[in-house]
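Trainee: make a model of this:
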Amino acid sequence: MAENILLGFLRSGLIDVKGDDTKLEKIGLAASDLAGVLRKSPPKALAYALAAVDPEIGAEDPVIVEALDALGKHWVTYINTFSGPPVAVARAILLEALTQAAADNASIGTAFVALARNAFSVLEPGADSAVWANAIAEIEKEVDARAEAEWAVPSSVSAPVADLKIPDLAPPTLKSHPADVEQLKEDFYAASGPHYVNQNGQQAATNGNPHWHTSNPAHWVTEFGNRMAASIAEALDTAVSGVTVENADLSEPIRSLTTGVSGYVSEAMNSMTAATAGLQRRVALLWWKESLFSPTGQVSYRSLPPAAAATLMAFDLHYQVPASSPASVVAFLSETVMSLPLVEPEETHAVLDLVEIAQTDPSLSKGRDAGALITAVPEGRGPLIALIAHRDTPASRDRSAFRRLTGVPHDARLTLPEWACWVFRELQATRATVATTKTSRGGRRRTQG
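Mentor: Sure thing, here's the model as predicted:
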């Protein structure tokens, strides 16, 4: 792709290396250097794209200067080959760098396509239009494919296979103390009569039942029963009290099983949420379109001036969708703007006037604040939303610097649906590439390329 871009510029007569292939190679090396810069600092893609797309950009633009400096590192004498600063060569370098970086960085591709689409809606076609058209089409195809996949609505949702580990349970065991046989013998002897014969064959007193069953049966039975019951009861109590149960605590196995079940349910719910995210997003957008109510401004779009309503719609849609969105989302915004009763779809407005309305209308204050968080104060080439967000800086109100800062011709005109789509694309492009880092104070600091 990169080689085709350089050859495209070469064939269109926009760059001339006098038939020296080594010079074309040096231009390619410069582009590779800038592609590396983009990979490290994606926010630079905004200025690179806006500068590269403009055939009337001046040689003093910081991005053009940066591109020619990169060229000078590989081709020290390039200045002797051209009659003046080779702005066309710098633009070719920028375009090639963008396509190289976009190949492995989706955010750069998203920003490049969005900004290029905006620019070509107001710029006159040039000799390099065919080269740009091919570059945009190829990158846009990949960008849309990724976005469509993210927004897809599946026909079915598969739950993950349950892989629960059933904990191994050790069977409980009983431990008991053996009965005291010798004590039982003595108790039984005592219950049976007054005497017994011991191990030595001698007669020994039992100190128990004073009756013999032959001499006084009735009293003997009573005494025998009482003594035997007491003896056996004592033996049983001693045996039962000595029984212990081991491995009876099931709290840990139950906790382990509960953790496994909870993890499975959580995974299944995440799968369901991810699979239906596209559907939920589409349903929310339909609700937004039908209600014509601004979630950020808490106001009906019908109650606002048409230009302010169209701009606010762009900001509101930007908040509701991810940075990577299908081309159909832009068309959806256009149709939503046209549904406002006071909007004349074919009526055009000067872009300068639309920017001024966006800078001053009270209903857009939250949008301006959000834009200030993702854009830098206007200095070099940048998006229109930078002028809107940083309205209090002198450059933002300087109409003489408008063309230099934005690349948009002074006489450019857009319909309100086109204007809303323009603002939305810029917001998406900026959000896709902007980088933020936490400050040591716990806040957030904007990092610009």
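Trainee: tell me the domain ranges of the chain?
Mentor: What automatic domain parsing lists as the domains of the chain is 2-151, 173-246, 292-447.
Trainee: and those: which comes nearest residue 261?
Mentor: domain 173-246 (27.3 Å; CB to CB). Placement of C-beta: from N, CA and C, glycine included.
Trainee: and that closest one, how far from the chain's centre?
Mentor: Put simply, domain 173-246 sits 81 Å off its chain's centre (CA atoms, centre = their mean, to the nearest Å).
Trainee: dump the residue contacts of the residue most central in space within the chain.
Mentor: Residue closest to the mean C-alpha point of the chain, counted by CA atoms, centre = their mean, is residue 322 at 8.8 Å. With contacts defined as CB atoms under 8 Å, 6 or more residues apart in numbering, residue 322 is in contact with residue 150.
Trainee: can you classify it by secondary structure?
Mentor: Secondary structure assignment for residue 322 (DSSP: H, G, I helix; E, B strand; the rest coil): coil.
Trainee: which one of the domains of the chain has the lowest average pLDDT?
Mentor: For the domains of the chain, the weakest mean pLDDT is recorded on domain 173-246, namely a mean of 78.
Trainee: hang on, the earlier thing: any chance of the domains of the chain in a markdown table, plus distance to residue 283?
Mentor: A markdown table is the format used below for the domains of the chain (distance: least, CB to CB, whole Å):
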| stretch | distance to residue 283 |
| --- | --- |
| domain 2-151 | 12 |
| domain 173-246 | 57 |
| domain 292-447 | 11 |
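Trainee: quick one, strands of the stretch 101-250 of the chain?
Mentor: According to DSSP state E, counting those that start in this stretch, the stretch 101-250 of the chain carries its strands in the segments 173-175, 195-197, 203-205, 244-246.
Trainee: what number of residues lie near residue 352?
Mentor: If you count neighbours by other CB atoms under 10 Å, residue 352 ends up with 17.
Trainee: kindly report the same for residue 396.
Mentor: 19.
Trainee: what sits against it?
Mentor: Residue 396 makes contacts with 359, 378, 386-388, 390, as judged by CB under 8 Å, 6+ apart.
Trainee: ok but it is inside a strand, no?
Mentor: No: assessed with three-state DSSP, residue 396 is helix; it does not lie in a strand.
Trainee: quick one: which of the domains of the chain is nearest residue 254?
Mentor: Closest among the domains of the chain, using CB to CB: domain 173-246, at 17.3 Å.
Trainee: dump the strands of the stretch 101-250 of the chain into JSON lines; add distance to residue 140 and mean neighbour count as well.
Mentor: Output for those, formatted as JSON lines (distance: least, CB to CB, whole Å; neighbours: other CB atoms under 10 Å):
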{"stretch": "strand 173-175", "distance to residue 140": "72", "mean neighbour count": "9"}
{"stretch": "strand 195-197", "distance to residue 140": "110", "mean neighbour count": "14"}
{"stretch": "strand 203-205", "distance to residue 140": "113", "mean neighbour count": "10"}
{"stretch": "strand 244-246", "distance to residue 140": "70", "mean neighbour count": "11"}
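Trainee: next up, the contacts around residue 193.
Mentor: Residue 193 neighbours (CB under 8 Å, 6+ apart): 206, 208-209, 211-213, 220.
Trainee: measure it to residue 93 for me?
Mentor: Taking CB to CB, to the nearest Å as the measure, residue 193 falls 122 Å from residue 93.
Trainee: related to what we said a few turns ago, for residue 312, which of the strands of the stretch 101-250 of the chain is the nearest?
Mentor: strand 244-246 (71.8 Å).
Trainee: my read: residue 211 touches residue 220, true?
Mentor: Yes: using CB atoms under 8 Å, residue 211 is in contact with residue 220, at 4.0 Å.
Trainee: which residue ranges form the helices in the stretch 51-200 of the chain?
Mentor: Along the stretch 51-200 of the chain, counting by DSSP state H, counting those that start in this stretch, helices occupy 62-74, 87-104, 106-120, 129-151, 181-192.
Trainee: output stretch 298-306 as PDB, restricted to C-alpha atoms.
Mentor: This file holds the C-alpha atoms of stretch 298-306, laid out as PDB (Å, rounded to 0.1, in the frame of the first residue of the first chain):
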ATOM      1  CA  GLN A 298     -31.700  17.900  29.400                       C
ATOM      2  CA  VAL A 299     -33.600  19.800  26.700                       C
ATOM      3  CA  SER A 300     -35.700  18.900  23.700                       C
ATOM      4  CA  TYR A 301     -33.900  19.600  20.400                       C
ATOM      5  CA  ARG A 302     -37.100  21.100  19.100                       C
ATOM      6  CA  SER A 303     -36.700  24.000  21.600                       C
ATOM      7  CA  LEU A 304     -33.300  25.000  20.300                       C
ATOM      8  CA  PRO A 305     -32.300  26.900  17.200                       C
ATOM      9  CA  PRO A 306     -31.600  24.500  14.300                       C
END
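Trainee: pull out the buried residues from that stretch.
Mentor: 301, 304, 306 (16 or more other CB atoms under 10 Å).
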